[in-house]
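1. Below is the sequence, then the predicted model.
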Amino acid sequence: MSGETQRLDKWLWFARLFKSRTVASCLCASGRLRVNGTSVNKAHHGLRPGDVLTFPKGPHIRVIEVRDLGERRGPAVEARALYEDLEPPTLKRPIAGPPPVAPRARGSGRPTKAERRATDRLRERI
């Protein structure tokens, strides 16, 4: 292994895991990112090939192994070569569909659209 290191926020941006370097450094500062199981609070933490990163991204927990240090923020194909995804994205919590509609007795509560139109038609006749 080489003795070279690279800033954590810069590498996350090079690897296209975050849209901007500012967002990457905010994640580092939040303390929710781990390097080899150790929580990191600084964006300037030195990253080496072989390090394993664990961090939340949206509803997923990402586990990434650093394969190479980047030299620039290149195309996605080049960025994908910088890391290996050790675990496919898993959900922190299941995403549920729309909440179920509560049943209600006909004629109780606020009228539905169909009931309101029927009432309007009845009023037009009078």
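-> Done, it's in. Since the structure is predicted, the reported quantities are computational estimates derived from the model, not experimental observations.
2. Any idea which helix or strand in this structure has the lowest mean pLDDT?
-> Sorting the helices and strands of the chain by mean pLDDT, DSSP states H and E puts strand 83-91 at the bottom, at a mean of 78.
3. Would you mind identifying the next helix or strand past that strand?
-> Along the chain past strand 83-91, the next helix or strand (assigned with DSSP states H and E) turns out to be helix 113-125.
4. quick one, what contacts Lys10?
-> Contacts of Lys10 were listed using C-beta atoms under 8 Å, 6 or more residues apart in numbering, and they are 21, 24, 70. Using the backbone N, CA and C atoms, a C-beta is placed for each residue, glycine as well.
5. who wins for most neighbours among those?
-> Neighbour counts for the contacts of Lys10 (other C-beta atoms under 10 Å) peak at Ala24, which has 24 neighbours.
6. Quick one: name whatever helix or strand follows the host helix or strand of it.
-> Following DSSP H and E, one finds Ala24 within helix 21-30. Helices and strands here follow DSSP H and E; after helix 21-30, the next one along the chain is strand 33-35.
7. List the buried residues in that following strand.
-> Counting neighbours by 16 or more other C-beta atoms under 10 Å, one finds that the buried residues in strand 33-35 are 33, 35.
8. Sheet partners, orientation included, of the following helix or strand past it?
-> Heading C-terminal from strand 33-35, the first helix or strand you meet, by DSSP H and E, is strand 38-40. The strands beside strand 38-40 in its sheet (DSSP bridges) come out as strand 33-35 (antiparallel).
9. Thanks again, I'm all set now.
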